[in-house]
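1. what's the 3D shape of this:
(chains A, B, C, D and E)
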Amino acid sequence: MFLGKVIGSVWATQKESGMENLKLMVVQPVDWNGRENGQTVIAADRIGAGIGEQVIVSRGTPARILFGSNSVPIDAAIVGIVDSFEVPGATEGEG
Amino acid sequence: MFLGKVIGSVWATQKESGMENLKLMVVQPVDWNGRENGQTVIAADRIGAGIGEQVIVSRGTPARILFGSNSVPIDAAIVGIVDSFEVPGATEGEG
Amino acid sequence: MFLGKVIGSVWATQKESGMENLKLMVVQPVDWNGRENGQTVIAADRIGAGIGEQVIVSRGTPARILFGSNSVPIDAAIVGIVDSFEVPGATEGEG
Amino acid sequence: MFLGKVIGSVWATQKESGMENLKLMVVQPVDWNGRENGQTVIAADRIGAGIGEQVIVSRGTPARILFGSNSVPIDAAIVGIVDSFEVPGATEGEG
Amino acid sequence: MFLGKVIGSVWATQKESGMENLKLMVVQPVDWNGRENGQTVIAADRIGAGIGEQVIVSRGTPARILFGSNSVPIDAAIVGIVDSFEVPGATEGEG
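-> Model (predicted):
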């Protein structure tokens, strides 16, 4: 998984089957000091992550498995909202 | 998933089983200001994305799952055509 | 998938089960003007792609699925030989 | 798999189903001389890796498979704590 | 798959279930002239690749499938020892 910051959301009316009723958030990967760290990812969110929150994002089939046997073609999902972290050299973390 | 812009299409007559009747689009990953952002991807399209449209692309097995148990060896698919997005610092988005 | 050009082939006598009778080609990823674009990939080929031809390569489990339930541990396969493409700004494409 | 060094941990209260009771460690990929080598990864740990230890990290579905048929959406796991390694040109390794 | 050169091995006593009795080799990706080409990968080896040999490495679930339905969390495996290759511009290849 990677650490990211929710920076926006995106909408699509015309979409593949399985993409209905999904909230799609734009997540900016960040390092443990909050600095941008690579390209944004569009991730499904089912846990109510808000703009500005730091989140944990999982990618690939492990993200898709949240939707069980349904044919949901997502390859990234927010799997946790960060409460805190301890990483030496980083600002003491609060999500 | 990543944000991309449809910039072309590609045809192959000689191909693997499972690749018949697939529309293959060339997608340029872009950032939220529309600037090119990495190498193009060839993605299957079943929702009628047109040249110049901004789309959401899923990769890997989650893209392939759209084809169920059929042996379709695609590793990228357009899963949504972007209507709009809200990302601070980006041009207010319209797909 | 990505666009590539077949530039060679590779042989292995000592190999894992499931790798028997596979033709392994060396594919150079290229952009739509034919310029090299990243590191080469070793891909299985079942459709007879020849040296110098432009091909579409799929990666990961979607490539492996071509071999059904057999334990074939390949993570890349040539899934189409490019006939033509239309990408603005690129040389009008012929595979 | 890649070689990494455990540098911290991260906590999330609000999280996806399947993320309960997981220890999430922050792993810095390192080369065989211990130098940082790319961006940190958040990996599940079930074997008790401690801060400062060198570990082997697996990614994607192979990491997730540790959790069997349960819907655990993790895409990285610590699969071994390094005892030693032999890599010419590297400091003789001790985990 | 990618071309690599076996440069070492790594040992772990404390490890995940499914990692027992696996030989883990350190593989340096190389180009077709033998030059280093990216970061090392830790790959499972069941075919007896020796230090200095050039090998073909498969990654992800296709590598893991070698272990069938067993819960072996490896994401890279050596699938062939290179005998020879033909790539124009490269030294005529011998593994």
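2. Excluding residues flanking it in the chain, which one is nearest residue A:89?
-> residue A:32 (7.7 Å; C-beta to C-beta, 6 or more residues apart in numbering or on different chains). All C-beta spots, glycine's among them, are computed from the backbone N, C-alpha and C.
3. which other residues reach stretch A:56-63?
-> Outside stretch A:56-63, the residues that touch it by C-beta atoms under 8 Å, 6 or more residues apart in numbering or on different chains are A:1-4, A:27, A:29, A:41, A:43-44, A:74-82, B:60-62, C:61, D:10, D:12, D:15, D:24, D:42, D:60-61, D:63-64, D:72-75, E:61.
4. what do you get for stretch A:79-95?
-> By C-beta under 8 Å, 6+ apart, stretch A:79-95 touches A:1, A:3, A:31-34, A:47-49, A:53-58, A:63, A:66, D:7-16, D:19, D:24, D:26, D:40, D:73-74.
5. now the strands: where do they sit in chain A?
-> A:2-15, A:23-29, A:41-45, A:54-59, A:76-86, A:93-94 (DSSP state E).
6. For chain A, give me the ranges with low pLDDT.
-> Within chain A, the stretches falling below the threshold (pLDDT under 70) are A:91-95.
7. what about 90?
-> Low-confidence segments of chain A (pLDDT under 90): A:68-71, A:88-95.
8. From residue A:64, how far out is residue A:71?
-> 10 Å (C-beta to C-beta, to the nearest Å).
9. Compare these two and say which is more crowded by neighbours.
-> Higher neighbour count among residue A:71 and residue A:64: residue A:64, with 28 against 15, using other C-beta atoms under 10 Å in any protein chain shown.
10. Not counting residues beside it along the chain, what's closest to that one?
-> Nearest to residue A:64 is residue B:62, by C-beta to C-beta, 6+ apart, at 4.3 Å.
11. repeat for residue A:42
-> residue B:1 (4.0 Å).
12. Disregarding flanking residues, what is the spatial nearest neighbour of residue A:31?
-> residue A:37 (4.8 Å).
13. Ramachandran angles for that neighbour?
-> With angles defined as degrees, to the nearest 10, residue A:37 sits at phi -150, psi 70.
14. would CSV of the strands of chain A with mean neighbour count and distance to residue B:90 be doable?
-> Shown next, in CSV, are those (neighbours: other C-beta atoms under 10 Å in any protein chain shown; distance: least, C-beta to C-beta, whole Å):
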stretch, mean neighbour count, distance to residue B:90
strand A:2-15, 20, 7
strand A:23-29, 21, 9
strand A:41-45, 23, 13
strand A:54-59, 26, 19
strand A:76-86, 23, 19
strand A:93-94, 15, 26
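15. Now distance to residue B:88 too, for the ones you listed, in JSON lines please.
-> Below are these laid out as JSON lines (distance: least, C-beta to C-beta, whole Å):
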{"stretch": "strand A:2-15", "distance to residue B:88": "7"}
{"stretch": "strand A:23-29", "distance to residue B:88": "10"}
{"stretch": "strand A:41-45", "distance to residue B:88": "16"}
{"stretch": "strand A:54-59", "distance to residue B:88": "16"}
{"stretch": "strand A:76-86", "distance to residue B:88": "18"}
{"stretch": "strand A:93-94", "distance to residue B:88": "21"}
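16. can you pull up the bridge partners for the residue lying closest to residue A:43 once chain neighbours are set aside?
-> Using C-beta to C-beta, 6+ apart and skipping the chain neighbours, the partner closest in space to residue A:43 is residue A:76 (4.0 Å). Judged by DSSP bridges, the bridge partners of residue A:76 are residue A:59.
17. now swap in residue A:43 and tell me
-> Beta-bridge partners of residue A:43, as defined by DSSP bridges: residue A:25.
18. ok, it - contacts?
-> Residue A:43 neighbours (C-beta under 8 Å, 6+ apart): A:4, A:24-25, A:27, A:57, A:63, A:74, A:76-78, B:1.
19. What is the end-to-end distance of stretch A:53-68?
-> 27 Å (C-alpha to C-alpha, to the nearest Å).
20. count of neighbours near residue A:68?
-> By other C-beta under 10 Å, the residues close to residue A:68 number 8.
21. and if you look at residue A:67?
-> 20.
22. For it, give me its contacts.
-> A:18, A:74.
23. now do the one 5 residues further on
-> Contacts were defined as C-beta under 8 Å, 6+ apart; by that measure residue A:72 touches A:18-19, A:22, A:44, A:64, B:62, B:65.
24. how does it look with 7 Å?
-> By C-beta atoms under 7 Å, 6 or more residues apart in numbering or on different chains, the contact list for residue A:72 reads A:18, A:64.
25. try residue A:28
-> Residue A:28 sits next to A:4-5, A:7, A:36, A:40 when contact means C-beta under 7 Å, 6+ apart.
26. For it, give its distance to residue A:85.
-> Distance from residue A:28 to residue A:85, by C-beta to C-beta: 17 Å.
27. what's the answer for residue A:10, then?
-> In terms of C-beta to C-beta, residue A:10 sits 27 Å off from residue A:85.
28. what do you get for residue A:14?
-> Taking C-beta to C-beta, one finds residue A:14 at 39 Å from residue A:85.
29. Residue A:53 too?
-> 13 Å.
30. cool, residue A:8 as well?
-> 23 Å.
31. Check the contact between residue A:4 and residue A:53; I expect there is one.
-> No: counting by C-beta atoms under 7 Å, residue A:4 does not reach residue A:53; the two are 9.5 Å apart.
32. which residues do the two both contact?
-> In contact with both residue A:4 and residue A:53: no residue, using C-beta under 7 Å, 6+ apart.
33. neighbours of whichever residue of chain A sits closest to chain E, just the number please.
-> Of all residues in chain A, residue A:61 sits closest to chain E, at 7.8 Å by C-beta to the nearest C-beta. By other C-beta under 10 Å, the residues close to residue A:61 number 22.
34. ok now do the spatially most central residue of chain A, which residues does it touch?
-> Residue closest to the mean C-alpha point of chain A, counted by C-alpha atoms, centre = their mean, is residue A:78 at 3.4 Å. Counting by C-beta under 7 Å, 6+ apart, residue A:78 touches A:25, A:43, A:45, A:47, A:49, A:55, A:57.
35. From the chain's centroid, how far away is stretch A:76-87?
-> 9 Å (C-alpha atoms, centre = their mean, to the nearest Å).
36. Keeping just the C-alphas, turn that stretch into PDB.
-> The C-alpha coordinates for stretch A:76-87 follow below in PDB (Å, rounded to 0.1, in the frame of the first residue of the first chain):
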ATOM      1  CA  ALA A  76      -7.200   1.000  -6.600                       C
ATOM      2  CA  ALA A  77      -9.100   1.500  -3.400                       C
ATOM      3  CA  ILE A  78      -8.700   3.600  -0.200                       C
ATOM      4  CA  VAL A  79      -8.400   0.900   2.500                       C
ATOM      5  CA  GLY A  80      -7.700   3.100   5.600                       C
ATOM      6  CA  ILE A  81      -7.800   6.700   6.800                       C
ATOM      7  CA  VAL A  82      -4.500   7.400   8.700                       C
ATOM      8  CA  ASP A  83      -4.900   8.300  12.400                       C
ATOM      9  CA  SER A  84      -1.200   8.500  13.100                       C
ATOM     10  CA  PHE A  85       2.200   7.100  12.200                       C
ATOM     11  CA  GLU A  86       5.700   6.900  13.600                       C
ATOM     12  CA  VAL A  87       8.400   7.300  11.100                       C
END
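37. If anything else comes up later, I'll come back, but that's it for now.
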